[in-house]
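> Model the following, please.
(one chain, ligands or ions: 1)
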Amino acid sequence: MLQVRVTQKILEAEGICSFELCAADGGELPRFEAGSHIDVHIGSGVTRQYSLCNHPEELHRYLIGVLDDPASRGGSRAMHEQVVQGQLLTISEPRNLFALDHNGARHLLFAGGIGITPILAMAYELSQRGADFELHYCFRSSERAAFIQQLRRSPFAASVYLHDDSGAPEQKLDAASLLANPAPGVHLYVCGPGGFMGHILDAADHAGWAQAQVHREFFAAHPVEHGADTPFEVELASTGQVFHIPADRHVFEVLEEAGIKIETSCEQGVCGSCITRVLQGVPDHRDLYMTPAEHACNDQFTPCCSRAKSPRLVLDL
Ligand code: FES
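Take a look at the predicted model:
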């Protein structure tokens with residue numbers, strides 16, 4: 001855990017604030033890679049993940065962008081309403097679940113709305129390395145788009161394409177054309193709301209992109225209908241202990257109550273922190289983190305949200 005001070009809070013666009021965080025002791029912060037996020041402890045046991053969007057070379061600060069999303073679970077609202085300049089916050093060290101492929105010959109970055117945050121850090125890193133890349137940034141209107149001026153003034157401004165949904169048809173994103181030729185060595189990175197992600201990933205799928213060339217980070221899970229959930233059992237391979245998972249509870253909650261701690265972060269199947277190996281049984285995958293091919297293997301699952309199709313799962317715990 002790190003103690004940081006909010007040294008600047010800026011309204012970047014309608015409903016989006018940036019927070020500049022510096023080490024509370026005035027020293028350097030741990031180095032991070034583009035695509036990394038931090039957990040921010042907002043208070044009352046609420047923790048949220050935010051991507052770092054500044055240049056990864058900067059060690060004196062972290063910058064995050066936070067959307068006050070009316071559909072959020074309250075963390076982002078608290079960041080906007082309760083966190084003020086000068087305040088101390090506890091954060092985790094950066095973790096990267098959305099890394100650049102350093103062997104890539106060319107990189108296509110697609111950001112939708114607040115999804116610009118990790119993509120911005122990626123662009124800084126790629127630009128510094130002299131890599132070949134394009135950044136496509138889609139937003140509903142310029143008033144609701146953060147960091148546009150920063151992108152226009154950046155050293156990579158010539159590689160940035162802005163797509164305003166409320167603007168002229170000729171500047172709107174044409175994902176099918178941009179993704180039509182999935183050449184070897186080209187990597188695609190996508191971050192944004194679910195609808196945007198689905199649109200880009202479907203276009204990539206349709207054009208035949210290999211899964212290893214496609215990198216994505218979801219911000220939030222789609223709402224899931226829980227009405228048909230049924231109970232099941234999990235068995236711990238190391239001890240043989242069996243736990244009953246009621247229809248309205250998650251595996252990680254039941255295990256945590258029994259003193260078996262599984263590392264979790266998002267608790268909604270988007271970050272991958274809790275992935276656990278499955279030795280027997282068939283999981284009912286509810287996460288957005290793993291790929292369809294990984295789901296089909298059925299040898300790991302996310303106990304924060306996923307369930308079971310078989311009566312019992314034997315876990316490598
Ligand atoms: Fe994030 Fe399970 S805690 S996927």
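> from the middle of its chain, how far away would whichever strand or helix holds E12 be?
Applying DSSP states H and E as the criterion places E12 in strand 2-13. Here strand 2-13 is found 20 Å from its chain centre; the criterion is C-alpha atoms, centre = their mean, to the nearest Å.
> Equivalent analysis for stretch 56-65, please.
The answer for stretch 56-65 is 17 Å, by C-alpha atoms, centre = their mean.
> Show me the contact partners of that stretch.
The contact list for stretch 56-65, computed with C-beta atoms under 8 Å, 6 or more residues apart in numbering, reads 4, 7, 12, 16-22, 28-29, 31-34, 36, 38, 40, 50-54, 91, 94, 114, 116-117, 121, 124-125, 128, 146-147. The C-beta positions use only the backbone N, C-alpha and C, and glycine is treated the same way.
> Write a PyMOL command that selects only the buried members of the residues you listed.
To isolate in PyMOL the members of those that are buried, counting by 16 or more other C-beta atoms under 10 Å, one can use:
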select buried, resi 4+12+16+17+18+19+20+21+22+29+32+33+34+36+38+40+50+51+52+53+54+91+94+114+116+117+121+124+125+146+147
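> Restricted to helices, list the contacts of stretch 56-65.
Judged by DSSP state H, the contacts of stretch 56-65 include I116, T117, A121, Y124, E125, Q128 as members of helices.
> For the fifth one, report the pLDDT, please.
Per-residue pLDDT puts E125 at 97.
> Would you mind measuring from it to the ligand?
24 Å (C-beta to the nearest ligand atom, to the nearest Å).
> List the residues that contact the nearest residue to that residue once chain neighbours are set aside.
If the residues on either side of it in the chain are set aside, E125 comes closest to A34, at 4.0 Å by C-beta to C-beta, 6 or more residues apart in numbering. Contacts were defined as C-beta under 8 Å, 6+ apart; by that measure A34 touches P56, A99, L100, P118, A121, M122, Y124, E125, L126.
> From those residues, pick the one nearest G269.
If you rank those by distance to G269 using C-beta to C-beta, P118 comes first, at 18.1 Å.
> re the thing from before, looking at the contacts of A34, point me to the pair that's furthest apart.
The widest separation within these (C-beta to C-beta) is 14.4 Å, between A99 and Y124.
> Alright, calling it a day.
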